[in-house]
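Participant: Need coordinates for the below:
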Amino acid sequence: MEHFYSKIDGWFTFPNLYKEMVKRHSSGAHFVEIGSWHGRSSSYMAVEILNSQKDIKFDCVDTWEGSLEHSLRDEIITGTLYDLFLKNIESVSHIINPIRMRSLEAVNLYSDNSLDFVFIDASHDYKNVMDDIRAWYPKVKAGGVLAGHDYTDGWVDLVRAVDDFLFENKLVLDINSEDCWGIIKGS
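Facilitator: Coordinates of the predicted model:
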């Protein structure tokens with residue numbers, strides 16, 4: 001299937017990371033994207049999974065209520081963001097499992113050490129980023145990847161949360177490209 005993500009509104013600067021995650025993992029892998037907005041990145045990942053012919057489970061966790069910085073957008077005011085997401089991913093909906101919950105509630109759906117790839121792109125304030133990283137890191141299995149978007153100068157609180165988590169846990173970044181950060185979990 002040809003990619004169609006560029007026809008979807010939103011932010012997506014990390015195609016190489018998503019492509020690499022599909023290439024790296026085999027059938028039976030389980031991916032979770034936290035923060036899916038209109039479905040731009042979700043649709044890219046779904047097409048990559050489909051084209052790989054691998055049986056990779058792909059969950060998209062979001063409230064589809066938007067975060068504070070999006071509160072004045074039409075789709076938030078009218079409450080139509082989730083419907084827009086579903087419309088945008090329609091052609092790959094058999095690949096994507098939307099989970100309409102808050103991240104810190106959805107994390108309880110997964111066992112520790114059960115996920116191969118978790119990508120965080122939800123709220124960007126310090127507390128929410130740190131809470132997401134702390135909650136989701138245990139869910140990633142050894143050799144799996146926890147990553148996130150917007151690791152740039154423009155998102156000072158987000159960068160500080162990632163850096164503080166790394167420092168507290170004596171970890172280093174394994175991925176730092178395409179405005180993303182990432183950790184390959186050790187054993």
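
Participant: Is it correct that F117 falls within a strand?
Facilitator: Yes - F117 forms part of a strand when assessed by DSSP: H, G, I helix; E, B strand; the rest coil.

Participant: who's in contact with it?
Facilitator: Each residue near F117 by CB atoms under 8 Å, 6 or more residues apart in numbering is listed here: M21, H25, A29, H30, F31, V32, V140, G144, V145, A147. For every residue, glycine as well, the C-beta is placed using N, CA and C.

Participant: wouldn't the third one be in contact with K57 here?
Facilitator: Read it as A29. Yes - at 7.2 Å, A29 and K57 qualify as touching, with contact defined as CB atoms under 8 Å.

Participant: Looking at the two, which is more packed in?
Facilitator: More neighbours surround A29 than the other of A29 and K57, with 20 against 16 (other CB atoms under 10 Å).

Participant: Quickly note the distance from that one to E105.
Facilitator: 23 Å (CB to CB, to the nearest Å).

Participant: Give the burial count for S27, as a bare number.
Facilitator: Close neighbours of S27, defined as other CB under 10 Å, add up to 10.

Participant: Need the phi and psi values for it.
Facilitator: Torsion angles at S27 (phi, psi; degrees, to the nearest 10) stand at phi -50, psi 140.

Participant: tell me the SS of the residue nearest to it when sequence neighbours are not counted?
Facilitator: Spatial nearest neighbour of S27, excluding adjacent residues (CB to CB, 6 or more residues apart in numbering): D55 at 4.2 Å. Put simply, D55 is coil when judged by three-state DSSP.

Participant: Assess the claim that D55 and F31 are in contact.
Facilitator: No - contact criterion CB under 8 Å: D55 and F31 do not qualify, at 11.8 Å.

Participant: of the two, who's got more company?
Facilitator: Between D55 and F31, F31 has the larger neighbour count (other CB under 10 Å), namely 22 against 10.

Participant: What's opposite the more buried one in the beta bridge?
Facilitator: As for beta bridges, F31 partners with F58, F117 under DSSP bridges.

Participant: Isn't it up against E48?
Facilitator: No - using CB under 8 Å, F31 is not in contact with E48; the gap is 10.1 Å.

Participant: What ranges does the protein have for its helices?
Facilitator: If DSSP state H is used as the criterion, the helices of the chain fall at 15-24, 40-52, 74-77, 81-88, 103-106, 126-136, 156-168.

Participant: Could you point out which of those helices sits nearest I96?
Facilitator: Closest to I96 of the helices of the chain, according to CB to CB: helix 40-52, at 5.2 Å.

Participant: give me every residue that touches G66.
Facilitator: The contact partners of G66, by CB under 8 Å, 6+ apart, come to R73, E75, I76, L81.
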